[in-house]
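Asks: give me the fold of what follows.
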Amino acid sequence: MKLRVGMVGCGMITQKRHAPEYAENKNVEIYGFFDNNEERAFELVKQYGGKIYHDTKEMFDDSNIDAISICTPNHMHSDLTIAALKAGKHVLCEKPMALSLQESSEMILAAEATGKILMIGHNQRLLPAHRKAKEVLESGQLGRILFFQSNFKHSGPENWGVNHSNSTWFFNKAKAQFGVLGDLGSHKLDIIRYLITSEVEEIFTTALTVDKRYDNGEFIDIEDTAISLFRMRNGLTGYMNVSWCNYGSEDNSTVIYCENGVMKIYGDFPEDMVLEMKDGSKIRYQVGGIATNSNQLRSGIIDEFIDAILKNRTPLITGNDGHNTLAVIVAGLKSADTGEWEKVDYSIIGK
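Replies: Below you'll find the predicted structure:
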């Protein structure tokens, strides 16, 4: 039996990731699309089949649909996810999970109440190099982790989004809530949590708007560049640099410094990962590249979602993972406002 899937939002993330990856999964039937711009939905129906829904209620009420991808601007994530869960659908929601910890808490509680799977689209932990990095770190080959750094920098969502202009919803605070810290930072925060195997205890962030402007020439009112320092619960320290103002090659690298050597992931070298050992030797891994805006590769996020549903198991990226990542983002932006270190509060409100 194939799972029937509907997609809400037909922008670039659906066009480049969700729709093609669902189409490639032998256990899926694409059942339909909804977008406020019906022409976008029509184009995807022409390519992948299925039907056009005229509103989300029509899709969620359709008993033929088993699962929903929520691929809308951030401000719609919470309401749509909760509505889909209450309609009996499993949900894959894009990141960042919600605009607030109140919203993300309500999403988690809705999933628990309905018994449906809620998965968040933090796809980087599924990439082969990150999975291999986790394996190497857990093997003890590099010894104890000492500190870490992680980067995600590209030229900005106006060059990725469906309308390719500064009118992108990513620059609209009412729709996005967060700037680059919520967009690119959410990916790297999830990778840090995954590879370091610890939550962030405290965060110090500098968030700036250095180059992105609205069409009238004024700077956008959300951050386009952010640097964060971390104190982890396990005592480690590290930092993260994210930016929409990198007009060269995309940087999606992570470096983990250990007592026996250094692990470099997706750096400025041909391999996916290189271990530079303390004795001067190098171990190179070519296990699977990383998707970029200009070179989309299979992310694994759809396969993981579908497999979790079919096997009735917890997905590798849960609603709690999304909530905890959001908690760090919220604390980071508070730190940027106060100029102080901020403790991260992971409490699920109402639980």
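Asks: can I see the domain layout of this structure?
Replies: Taking automatic domain parsing as the criterion, the chain consists of the domains 3-123+301-316, 127-299+326-343.
Asks: state the mean pLDDT of the first one.
Replies: In this case it means domain 3-123+301-316. Mean pLDDT, domain 3-123+301-316: 97.
Asks: list the helices and strands the helix or strand containing A83 packs on?
Replies: Per DSSP states H and E, A83 falls inside helix 77-86. For helix 77-86, the elements it packs on are helix 56-60, strand 67-70, strand 90-93, helix 101-114, judged by 3 or more Cβ pairs under 8 Å, 6 or more residues apart in numbering; DSSP states H and E. Using the backbone N, CA and C atoms, a C-beta is placed for each residue, glycine as well.
Asks: between these, which one is closest to R131.
Replies: Set against R131 and scored by Cβ to Cβ, the helices and strands packed on helix 77-86 come closest in strand 90-93, at 19.3 Å.
Asks: helices and strands around that closest one, which ones?
Replies: strand 67-70, helix 77-86, strand 118-120, helix 301-311.
Asks: single out the most deeply packed of these.
Replies: Mean neighbour count (mean count of other Cβ atoms under 10 Å) peaks for strand 118-120 among the helices and strands packed on strand 90-93, with a mean of 27.
Asks: which helices and strands sit right next to the helix or strand that comes right after that one?
Replies: Sequence order places helix 128-139 as the next helix or strand after strand 118-120, per DSSP H and E. Under the contact criterion of 3+ Cβ pairs under 8 Å, 6+ apart, helix 128-139 touches helix 180-196, strand 254-258, strand 261-265, strand 273-277.
Asks: could you point out which of the ones you listed sits nearest H164?
Replies: Across these, closest to H164 is helix 180-196 (Cβ to Cβ), at 16.4 Å.
Asks: quick one: mean pLDDT over that closest one.
Replies: On average, helix 180-196 scores 97.
Asks: quick one, that helix and strand 261-265 angle?
Replies: 130 degrees (axes from the mean of the first three to the mean of the last three Cα atoms, to 10 degrees).
Asks: the helix or strand that helix 180-196 is followed by: partners in the sheet, and parallel or antiparallel?
Replies: Using DSSP H and E, the helix or strand that follows helix 180-196 towards the C-terminus is strand 200-208. Strand 200-208 pairs in its sheet with strand 225-232 (antiparallel), strand 342-343 (antiparallel), by DSSP bridges.
Asks: indicate which one of those is closest to K132.
Replies: Among the strands paired with strand 200-208, strand 225-232 sits nearest to K132 (Cβ to Cβ), with 21.8 Å.
Asks: what's downstream of the closest one, the next helix or strand?
Replies: Taking DSSP H and E, what comes next after strand 225-232 is strand 237-243.
Asks: which strands and helices lie in contact with that next one?
Replies: strand 145-153, helix 180-196, strand 225-232.
Asks: so how far is the first one from its chain's centroid?
Replies: Meaning strand 145-153. Here strand 145-153 is found 17 Å from its chain centre; the criterion is Cα atoms, centre = their mean, to the nearest Å.
Asks: quick check, Y247 in contact with N159.
Replies: No. Y247 is beyond contact range of N159, at 9.5 Å (criterion: Cβ atoms under 8 Å).
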